Every structure is written in C-alpha cells, then in structure tokens.
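[1] sequence-free structure coming up:
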DNA sequence: TCTATAGTTCGATTATATTCGAACTATAGA
DNA sequence: TCTATAGTTCGAATATAATCGAACTATAGA
C-alpha cells in the first residue's frame, strides 16, 4: 500500500462530516491540524491515547473527507482538506474551526 | 409539565450540535423547520416514522439547543433556535442550512 | 365527563461506536 | 540484513444509539 486512499468530495455526505466532528477527540485533532498550519504526524498530535485509537479516529476523519494523509517514509503526514470541504460545503468547516478557536 | 425545558446556549457544546446533525432523520427535520419559516408540529413534519421515534429525535435536537418546542394546546410547536445558535457558534447552523438547500 | 388527539416515556431489541492490547506492515537507517 | 519507528488491522469487550410498540399524560372540544 503505497498511499492511503481518500474519498472524492462528491462521495462525501454532510452527515459524514457532522458525525466525524461529533467526537471530542476528533474535534481536538481537527483543531490542532488547523492551528498547526502545516502537516502533522499522528504522533505529533499526542493526545495521550493508544496508537490504535488514534488510527481509528483518523480513519473516520479521512472517510469524512476532512483529513488527507500522505505517507512519507514511516510517517503519515496529516492535513485538513480545508479548501475542498469549503468548496463542497461553504462555511461549514470554517465556522467550526472558528468555534474551536 | 407546563412547558418543555430547553438548555441555555452556554450549556450547549459544539459536539452536541454536530452529533444532533449527524443523523439523516434529524438533518431532515432541521431542513424542513428552516424551510417552513414558521413553527411546525411534529406531526406536520410527517417523516413516516412512529411517534416514539420522532419524539426521540426531537429530544436530541432540543438537548443540542437546535430546536425549541412550545406547547400550545395538544400540539407541540417546533422552531429552530437560529439566532441563538448563530450568536454562540456563528456560521455553523447557517452553513449547514445552506448545504441542505 | 367522555373521547379524540398530540406527543412523551418506558422497555426491549438490535445496530453501531469506542476503546485498546496484540499482532502486523512498511520504511529508514545502521 | 537487522532493528527501530510509525501507523494500521484485528478482535473482543464495553458503551452508546436507533427503533418502535405499548402504556401514559395533557389538553381541547363535544
């Protein structure tokens, strides 16, 4: 598996996004990715949880189209798909990020 | 029980709102309330589901601060708390409503 | 006071999510 | 080729949610 697969925006439902953002841990991840302004590894987020739990949450964030993960060496670099989400659902992610800040 | 209790906005968490909006049935209810532009009874929504199921979803929408229910006679009149939600979490509900339309 | 109506509550069933340890995969670097 | 590192997958336990029938509450109107 060379790179992780991500959904196209036209496959993403609003309910997927709402669901992904309904968990405090995932909202925390999203907030940190937004604040970082650069790609972060899962480890850098350090939410004090087992790797398998983090992996689970990232899977859901990816499925919702919120996060893009690029494999670089042994690390997985994560970024928010802000622009794409913004185009599909204008204002939704941006207003959530504003609410988090 | 004269009137139904609703949470103050300062008791409402963003995760509550995201969770409430993550269910297709509830998103449908929210969309219809927004489009109606007036208070609707549960029955008027007519989503073809048992009363107990509808009541369950309304309970969650109320707990999330999204819906306000006023008892008038035997009917429960429901409205979105658009202005209050907008003040607490600017843009969140509005952008979701735009995405639904 | 009786009846119909609107919605809630209760309780049980089923479905879906969360959590996390253990085993696994893939890559970098020695 | 060996080892360490980063993250995924698997599996099982536990928790939370959705669904809906049946019984209940409250009000309007006859």
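    Sure thing, it's come through. What you see is a predicted model, and the numbers here were worked out from it, not measured in a lab.
[2] residue contacts, the residue most central in space within chain A?
    By C-alpha atoms, centre = their mean, chain A has its centre lying nearest to residue A:67, at 3.0 Å. Residue A:67 makes contact with A:29-30, A:33, A:58, A:61, A:78-81, according to C-beta atoms under 8 Å, 6 or more residues apart in numbering or on different chains. Yep, even glycine has a C-beta here, placed from its N, CA and C like the rest.
[3] let's see 6 Å
    Residue A:67 is in contact with A:61, A:78, counting by C-beta atoms under 6 Å, 6 or more residues apart in numbering or on different chains.
[4] can you list the residues of chain A near DNA strand C?
    Counting by C-beta under 7 Å from any atom of the strand, the positions of chain A adjacent to DNA strand C are A:1-2, A:19, A:23, A:25, A:49-53, A:56-57, A:60, A:71, A:73-74.
[5] please identify the helix or strand for the residue nearest to residue A:14 when sequence neighbours are not counted.
    Spatial nearest neighbour of residue A:14, excluding adjacent residues (C-beta to C-beta, 6 or more residues apart in numbering or on different chains): residue B:99 at 5.3 Å. For residue B:99, the element it lies in under DSSP states H and E is helix B:92-100.
[6] where in chain A is pLDDT low?
    For chain A, applying pLDDT under 70 flags the ranges A:1.
[7] how about residue A:69, phi and psi?
    phi -120, psi 120 (degrees, to the nearest 10).
[8] do residue A:88 as well
    phi -80, psi -40.
[9] residues near the residue nearest to residue A:100 when sequence neighbours are not counted, how many?
    With C-beta to C-beta, 6+ apart as the criterion, residue A:100 has its nearest non-adjacent residue at 4.3 Å, and that residue is residue A:31. Residue A:31 has 16 neighbours, counted by other C-beta atoms under 10 Å in any protein chain shown.
[10] now residue A:69
    21.
[11] what sits closest to residue A:32 if chain neighbours are left out?
    residue A:45 (5.7 Å).
[12] pretty sure residue A:70 contacts residue A:77?
    Yes - shown here, residue A:70 and residue A:77 form a contact pair, counting by C-beta atoms under 6 Å, at 4.8 Å.
[13] the two: which is more packed in?
    residue A:77 (16 against 13).
[14] who touches the helix holding residue B:99?
    Counting by C-beta under 6 Å, 6+ apart, A:14, A:89, A:91-92, A:95, B:31, B:34, B:85 sit against helix B:92-100.
[15] out of these, which end up buried?
    A:14, A:89, A:91-92, A:95, B:31, B:34, B:85 (16 or more other C-beta atoms under 10 Å in any protein chain shown).
[16] which one of these is nearest residue B:9?
    residue B:85 (7.4 Å; C-beta to C-beta).
[17] which residue packs closest to that closest one, ignoring adjacent ones?
    Spatially, and ignoring its direct neighbours in sequence, residue B:85 is nearest to residue B:93 (4.6 Å; C-beta to C-beta, 6+ apart).
[18] and the helix or strand that residue A:18 is a member of, how far from the chain's centre?
    Using DSSP H and E, residue A:18 falls within helix A:14-20. In this view, helix A:14-20 has its centroid 12 Å away from the chain centroid, taken as C-alpha atoms, centre = their mean, to the nearest Å.
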